[in-house]
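>>> I need the structure of the sequence given here:
(2 chains)
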Protein chains: 2
Amino acid sequence: MTEKCSLSTLQRLPTYLHYLRGLAPTVACISATQIALALDMGEVQVRKDLAAVCHEGKPRIGYRTAALLRDLEQVLGYRNRTQAIIVGVGRLGQALLEYPGFADYGLNIVCGFDPRESLRAAGVGGKQVLSPDEIERVVREENIPIAILTVPADSAQGMADRLVSAGIRGIWNFTPTHIVVPEPVAVRHENLAASLAVLSRRMEENQG
Amino acid sequence: MTEKCSLSTLQRLPTYLHYLRGLAPTVACISATQIALALDMGEVQVRKDLAAVCHEGKPRIGYRTAALLRDLEQVLGYRNRTQAIIVGVGRLGQALLEYPGFADYGLNIVCGFDPRESLRAAGVGGKQVLSPDEIERVVREENIPIAILTVPADSAQGMADRLVSAGIRGIWNFTPTHIVVPEPVAVRHENLAASLAVLSRRMEENQG
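Sure thing, here's the model as predicted:
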């Protein structure tokens, strides 16, 4: 039904989806105008974003909420559950392993990996923590596409190489290290420093 | 010395800085070509980014590493330490409270706020955890500009309103809730769902 929306549209879709999921079930229809108002976003942008995703909008009425929800989930791939592992179960790895929100994004965290035996005995957030020795076996047997990388910065590239050899196709990198992987493996760097730089710039501009 | 670089350049600067900080102190000079190679980035882009930040580059030789480091830190504002508080000390709040990397970004986490008394007695990562009743007092007395928001999703907007009233000028929002604040307050939404959508898109494209 939908082809490819732009990358900037794609990044706004989770915001719409989160808003729609928070609506009362009695809200049968919703317009781009209402969504733009509620989220304090530009109406033209919201209208274009939604039109790229859902073809059932009607002038003056808007979208059936259920149809819009379905199409947003479809485009975001939340209807096909994707399996992922978390490599490195320090504080951040633990936070992510326990984070209930990933299920809403269609991501199923299978287990964590960490060398510390104390974590392995207890598990975290009801998930198993396994020895890094088992990464290759688990990735192969369960055909895991995504690894969330939360190891210490100086092990990041080494572990990335190992995950790629094991057959991982996408790495979500939460370490501060810029990692390099061969095609066709994809990387997304969750770069907190870059985010903070953008916030600081906006603060300067606004105070300016 | 430097004016405003573009937002996309700004977001790449922490990556260069992290790389330069990891070099041996004996590396006195470095060229855009070397950096581009090491980080697997386009040479033209690296050259333009660095030229926007540091005016001391020389053809064939490159930059003095120390000068480039200094100018990157300057543009990123890491030379003036900024104070921040963390509001909501669940798993993610704890991870951020303990994260040693913020100091490298010029961010000084003053304390956390959480209603749970058990956290307040013990503190987290050597930092105090205070009652939310004290937010207004601390923000005012210490003139804190930034709040890192890690409360549960359904308290996010209410807490944001309260932080703005208290005098906070920038909110780094780690909750999944899209929050709305009045000008001139700045918000940066750390949107994990949007990040995951970008990773998934790249994986699809790469698998063809």
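
>>> mind listing the strands for chain A?
Taking DSSP state E, the strands of chain A run over residues A:29-30, A:63-64, A:82-87, A:107-113, A:129-130, A:146-149, A:170-173, A:186-189.

>>> And those strands: which comes nearest B:Lys48?
Of all the strands of chain A, strand A:186-189 sits nearest to B:Lys48, with 19.9 Å by C-beta to C-beta. Yep, even glycine has a C-beta here, placed from its N, CA and C like the rest.

>>> in its sheet, what does the closest one sit against?
strand A:170-173 (parallel) (DSSP bridges).

>>> Need the residues that contact the partner strand.
A:84, A:145-149, A:156, A:160, A:163-164, A:179, A:181, A:185-190, B:195-196, B:199-200, B:202-203 (C-beta atoms under 8 Å, 6 or more residues apart in numbering or on different chains).

>>> Low-confidence ranges, chain A, go.
A:1-3, A:208 (pLDDT under 70).

>>> where do the helices sit along it?
A:7-21, A:32-39, A:43-53, A:65-75, A:91-98, A:117-122, A:135-142, A:156-166, A:192-207 (DSSP state H).

>>> Among those helices, show me which one is buried the most.
Stretch with highest mean neighbour count among these: helix A:91-98 (a mean of 22; mean count of other C-beta atoms under 10 Å in any protein chain shown).

>>> so what does that one touch, helix or strand wise?
strand A:82-87, strand A:107-113, helix B:91-98 (3 or more C-beta pairs under 8 Å, 6 or more residues apart in numbering or on different chains; DSSP states H and E).

>>> run the last query once more with 10 Å
strand A:82-87, strand A:107-113, helix A:117-122, strand A:129-130, strand A:146-149, helix B:91-98 (3 or more C-beta pairs under 10 Å, 6 or more residues apart in numbering or on different chains; DSSP states H and E).

>>> can you give me the angle that helix makes with strand A:82-87?
Angle, helix A:91-98 to strand A:82-87, by axes from the mean of the first three to the mean of the last three C-alpha atoms, to 10 degrees: 150 degrees.

>>> right, and A:Val46 touches A:Leu13 too?
No - in this structure A:Val46 lies outside contact range of A:Leu13 using C-beta atoms under 10 Å: 11.0 Å.

>>> Please name the residues that touch the nearest residue to A:Leu17 once chain neighbours are set aside.
In space, and not counting its chain neighbours, A:Leu17 is closest to A:Leu72: 4.5 Å by C-beta to C-beta, 6 or more residues apart in numbering or on different chains. Remark: with contacts taken as C-beta atoms under 10 Å, 6 or more residues apart in numbering or on different chains, A:Leu72 is in contact with A:2, A:13-14, A:16-18, A:20-21, A:49-50, A:53-54, A:78.

>>> okay, the helices and strands packed on helix A:91-98 in TSV with distance to A:Gln207 next?
Converted to TSV, the helices and strands packed on helix A:91-98 look like this (distance: least, C-beta to C-beta, whole Å):
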stretch	distance to A:Gln207
strand A:82-87	39
strand A:107-113	38
helix A:117-122	44
strand A:129-130	45
strand A:146-149	36
helix B:91-98	24
